[in-house]
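**Student:** next one to model:
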Amino acid sequence: MEITLNQLIDQAPELAMTLRNDIRQGKLSATRKTGVAGRPYVLDSEVLLKSDREAYRMLAQQLVNNPERLQLRRSVASRAETFRPTPTMGEEAWQPLLKMLESQHGMLQQMINVFLHEMQQSHDRYDRQSREMQEISYKLGQAHQKGERLERLLTERMGRQEQA
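**Tutor:** Residues are numbered from 1 along each chain as shown. Sure thing, here's the model as predicted:
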């Protein structure tokens, strides 16, 4: 039975890298099929069954025993288009949609919480910098006053010394 690398990766994504590497290194004999986009390798199930890796043998046994599993998984968008629950359907038909919506709600809530936390930190940082700027401005004003006072004292003493 011929199996494409795409089908194998769909069934066992955790083996994707090792399958690709073993095919490229010649450990698994595969043929390049023309007209197949992406991963054009085609393997025979016997090659996987005779492999020295236990994971390959188990995967091949699963696929040989259940050839209907070889159908490529459809994308989420295409699955959503085929699922059209109606109000008359039972509660079971709505469960996948409800679970998906709950999951998305949880992710959005988490994102909002992170965003609010970042905004609060930014606001706190702005307040702290504003206070620091006020303190620096106050200290600068005091330093100018002290400088002016010292200048006056210096001119007074210089004036006294010239008179004396």
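**Student:** can you give me the offset of stretch 133-153 from its chain's centre?
**Tutor:** Distance of stretch 133-153 from the chain centroid (Cα atoms, centre = their mean, to the nearest Å) equals 52 Å.
**Student:** and it, what's its mean pLDDT?
**Tutor:** Averaging pLDDT along stretch 133-153 gives 96.
**Student:** now that stretch: buried residues?
**Tutor:** For stretch 133-153, a neighbour-count test (16 or more other Cβ atoms under 10 Å) marks nothing as buried. Where you see a C-beta, it was placed from the backbone N, CA and C, and this is true even at glycine.
**Student:** output it as PDB - backbone C-alpha positions only.
**Tutor:** The C-alpha coordinates for stretch 133-153 follow below in PDB (Å, rounded to 0.1, in the frame of the first residue of the first chain):
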ATOM      1  CA  MET A 133      10.500  65.000  36.500                       C
ATOM      2  CA  GLN A 134       8.700  67.200  39.100                       C
ATOM      3  CA  GLU A 135      11.300  66.400  41.700                       C
ATOM      4  CA  ILE A 136      14.200  67.100  39.300                       C
ATOM      5  CA  SER A 137      12.500  70.400  38.300                       C
ATOM      6  CA  TYR A 138      12.100  71.400  41.900                       C
ATOM      7  CA  LYS A 139      15.700  70.600  42.600                       C
ATOM      8  CA  LEU A 140      16.800  72.500  39.500                       C
ATOM      9  CA  GLY A 141      14.800  75.500  40.700                       C
ATOM     10  CA  GLN A 142      16.500  75.300  44.100                       C
ATOM     11  CA  ALA A 143      19.900  75.000  42.500                       C
ATOM     12  CA  HIS A 144      19.200  78.100  40.400                       C
ATOM     13  CA  GLN A 145      18.100  80.000  43.500                       C
ATOM     14  CA  LYS A 146      21.200  78.900  45.400                       C
ATOM     15  CA  GLY A 147      23.400  79.900  42.400                       C
ATOM     16  CA  GLU A 148      21.800  83.400  42.300                       C
ATOM     17  CA  ARG A 149      22.300  83.700  46.100                       C
ATOM     18  CA  LEU A 150      25.900  82.800  45.800                       C
ATOM     19  CA  GLU A 151      26.400  85.200  43.000                       C
ATOM     20  CA  ARG A 152      24.800  88.000  45.100                       C
ATOM     21  CA  LEU A 153      27.000  87.100  48.000                       C
END
